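1. predicted model follows, preceded by the sequence.
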Amino acid sequence: MSTKTLRLILGDQLNSQHSWYSKQSPDITYLMVEAHSESEYVTHHIQKIVAYFMSMRAFAKELQENGHQVIYLSLDDPDNKKSIPANIKWLVENNRFTAFEYQLPDEYRLDQELNQIKKDLKIPISTVDSEHFLTSREELAIFFKGKKSYLMESFYRSMRRKYDLLMINKEPEGGKWNFDHENRHGWKEDFNAANPLLFDKDVSEIIKMLEKENIASIGNIDKKHFPWPVNRKESLQLLAYFLQNHLHAFGTYQDMMDTRSAYLNHSRLSFSINVKMLHPLEVVQKTIDYWRANQNTISISQVEGFIRQIVGWREYMRGVYWAKMPEYAQLNYFEHTRKLPDWFWNGNTKMNCLSNTINSSLDNAYAHHIQRLMITGNFALLAGIDPTELDFWYLGIYIDAIEWVEITNTRGMSQFADGGLVGTKPYVSTSNYIDKMSNYCKTCHYSKTKREGDKACPFNSLYWNFYQVNRDKLEKNPRIGFVYTTLDKMKESNRTALILQAEKYLENLNSL
Ligand code: FAD
Ligand code: SF4
């Protein structure tokens, strides 16, 4: 008897270059499911749900056009059993499949669900790699075995060597591994950023279906002009556009924030890469090739800065996730318990930096790294927000949010909830940093220079209060000794006034 195999493709496994598709077979059927359970485990941004379903539909169509057999269960298909495991069981039982195969999922939750299916189905089950990442799930844990903190920089250098990226013989090209000092300029009135490439699709039909199926969502959408890439062709187009228009200034303005531009010179490629329409190595190699052909106009600092994000930070976060889950999702080093202020969900705050970042996130399902880290993340850490509430928010609002990369960035890098595994010190600041990197303070209701009294910028007192309250946990950290020296040099009355101001703000977070 010949085998009849069912192969599952998850919504973030849209990798048309996977070896699965190198040959067609009448004995293999691919299954793709628009699952209610996946749309509802957190409240997602409407653009995120639409981007997933549009991309999955395009991928299924492409497979069919290439001669593969596909069962595609849309959300409103009467045969859809609403969850991935329920659909698999039903299909296996009713279609006499004799084998089931899946690509290793990126999320712990789905990994557990699929492991459970292994126990429930009475047919042979096998897994294959997703052929997407540059490292295996276990590689980072092995790399850092026995170490208390996982230094990204040493991992990044090993990746550069392993894949021979920007290397000359065994030395880093340009004589340095890291060009951070030449990048990350402060705010500039006449900054240089080309318009973003926004696609322009009508997604009314999908929206109608989501409304009919009562799928809850957050955020805004222009259903006649959907801007995100939803197939490989568009993703490649976005990459080419980035290289031609933004790479030359990527590093320079990487950390800048400006009310006039939501994207500056950022690539907006995270969704395409995370759902695997683009392979990280192809992005990096195309970037290096483009730079080599245009070295007269693009400096190596821009290119190295970009590559570090992808082969460094991105791979590293995935490694931390698989080394530390499921415990990682419970870590709360500072034991923070405060609720997320209501204005995180509607942008309705008088703090201009937060209002701009949150409203832009609600409008675009996007904020760039420094907005996520040094505006929303910074505030949440200073205000002692429960990291679980925050994970729920970050996981829902951003188009690129998938737990393996969201939680390590949020709990780890942004909230220091892992006690310093990912970051060597908490990413917090007063208004000084925000004012240096943005034009937010210029038109804010609050005064960036005031620390106490009416209209004092909340970041200022909350910053000193955070260090005062967490002295026992942070004082011995060699990277922040200077903070405590400054705090201890303050006049007692000034310190008390700052703490009182912070406490007043903390009691009234919703009205800030
Ligand atoms: P660019 O600035 O153009 O960077 C290029 C690429 O580098 C990105 O597309 C991404 O693939 C990669 N990259 C850059 N920084 C990181 C990083 N720290 N970790 C992993 N990859 C990185 N990124 C996600 O993909 N999903 C998330 O859910 C997510 N949540 C975050 C939450 C917080 C609190 C913070 C501080 C960061 C988070 N990031 C997340 C990382 C980063 O902010 C986004 O990858 C980036 O903003 C995506 O926009 P872009 O494609 O324009 O990136
Ligand atoms: Fe943000 Fe404070 Fe600046 Fe206002 S003054 S934009 S609250 S940092």
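-> Here it is on my side, so go on. Ligands and ions are numbered 1, 2, ... in the order given.

2. what's the helix ranked longest in the chain packed up against?
-> Determined from DSSP state H, the single longest helix within the chain is helix 46-65. The contact analysis (3 or more C-beta pairs under 8 Å, 6 or more residues apart in numbering; DSSP states H and E) places helix 46-65 against strand 28-33, strand 69-73, helix 204-212. Bear in mind the C-beta positions are built from the backbone N, C-alpha and C, glycine included.

3. quick one: which of those is nearest residue 280?
-> strand 28-33 (22.8 Å; C-beta to C-beta).

4. partner strands of the closest one, with direction?
-> Here strand 28-33 has these sheet partners by DSSP bridges: strand 5-8 (parallel), strand 69-73 (parallel).

5. so, low pLDDT: which residues of the stretch 1-150 of the chain?
-> 1 (pLDDT under 70).

6. tell me which residue of it lies closest to ligand 2.
-> Residue nearest to ligand 2 within the stretch 1-150 of the chain: residue 45 (23.4 Å; C-beta to the nearest ligand atom).

7. name the residues of the stretch 401-512 of the chain found near ligand 1, please.
-> Residues of the stretch 401-512 of the chain lying close to ligand 1 by C-beta under 6 Å from any ligand atom are 401, 405-406, 409-410, 413-414.

8. oh, I was asking about the chain
-> Counting by C-beta under 6 Å from any ligand atom, the residues of the chain near ligand 1 are 266-270, 273-274, 309-310, 313-314, 317, 368-369, 372-373, 377, 394, 398, 400-401, 405-406, 409-410, 413-414.

9. I'd like to know how many residues surround residue 109.
-> 14 (other C-beta atoms under 10 Å).

10. and it, which of the three is it?
-> helix (DSSP: H, G, I helix; E, B strand; the rest coil).

11. which residue packs closest to it, ignoring adjacent ones?
-> residue 403 (6.9 Å; C-beta to C-beta, 6 or more residues apart in numbering).

12. in stretch 90-97, what's buried?
-> Under the neighbour-count criterion of 16 or more other C-beta atoms under 10 Å, stretch 90-97 has 91-92, 97 buried.

13. which one of those residues is nearest to residue 238?
-> Residue 238 has its nearest neighbour among the buried residues of stretch 90-97 in residue 91, at 34.5 Å by C-beta to C-beta.

14. which element is that closest one on?
-> Under the criterion of DSSP states H and E, residue 91 resides in helix 84-95.

15. just checking, what packs against the next helix or strand after that helix?
-> Where DSSP H and E defines the elements, the next helix or strand beyond helix 84-95 is strand 99-103. Where contact means 3+ C-beta pairs under 8 Å, 6+ apart, strand 99-103 is packed against strand 5-8, strand 125-128.

16. out of those, nearest to residue 359?
-> strand 5-8 (37.8 Å).

17. what about the chain, any weak spots by pLDDT?
-> Low-confidence segments of the chain (pLDDT under 70): 1.

18. now residue 509, nearest residue through space, not along the chain?
-> residue 341 (4.3 Å).

19. quick check, the one you found in contact with residue 349.
-> Yes. Contact criterion C-beta atoms under 8 Å: residue 341 and residue 349 qualify, at 7.4 Å.

20. any common contacting residues for these two?
-> Residues touching both residue 341 and residue 349 (C-beta atoms under 8 Å, 6 or more residues apart in numbering): residue 512.

21. mind listing what's buried in the longest helix of the chain?
-> Burial within helix 46-65, assessed by neighbour count using 16+ other C-beta under 10 Å, is assigned to 46-60, 62-63.

22. again with stretch 378-390
-> For stretch 378-390, by 16+ other C-beta under 10 Å, it's 378-388, 390.

23. coming back round to it: what residues are up against the residue nearest to residue 509?
-> Residues near residue 341 by C-beta under 8 Å, 6+ apart: 349, 383, 509-510, 512.

24. near ligand 2, list only the ones from the residues of the chain next to ligand 1.
-> Among the residues of the chain next to ligand 1, no residue lies close to ligand 2 (C-beta under 6 Å from any ligand atom).

25. which ones among these map onto helices?
-> Counting by DSSP H, these place 270, 273-274, 317, 369, 394, 405-406 in helices.

26. who's in contact with the stretch of helix or strand residue 160 belongs to?
-> Using DSSP H and E, residue 160 sits within helix 152-162. Here helix 152-162 makes contact (C-beta under 8 Å, 6+ apart) with 134-135, 140, 143-144, 165-167, 170, 172, 177-178, 308, 311-313, 315-316, 319, 422.

27. buried sites along it?
-> 152, 155-160.

28. correct me, but residue 66 touches residue 22?
-> No. Using C-beta under 8 Å as the test, residue 66 is too far from residue 22 to be in contact (10.5 Å).

29. so these two - more neighbours on which side?
-> More crowded of residue 66 and residue 22, by other C-beta under 10 Å: residue 66, with 10 against 7.

30. and that one, what is it in contact with?
-> So residue 66 contacts 21, 24 (C-beta under 8 Å, 6+ apart).

31. now it: how far from residue 59?
-> 11 Å (C-beta to C-beta, to the nearest Å).

32. equivalent analysis for residue 255, please.
-> To residue 59, residue 255 is 35 Å away according to C-beta to C-beta.

33. show me what contacts the nearest residue to residue 128 once chain neighbours are set aside?
-> Once flanking residues are discounted, residue 128 sits nearest to residue 103: 5.6 Å by C-beta to C-beta, 6+ apart. With contact taken as C-beta under 8 Å, 6+ apart, residue 103 is in contact with 8-10, 13, 18, 20, 127-131.

34. give the next helix or strand downstream of the helix holding residue 160.
-> Scanning forward in sequence from helix 152-162 by DSSP H and E, the next helix or strand is strand 167-168.
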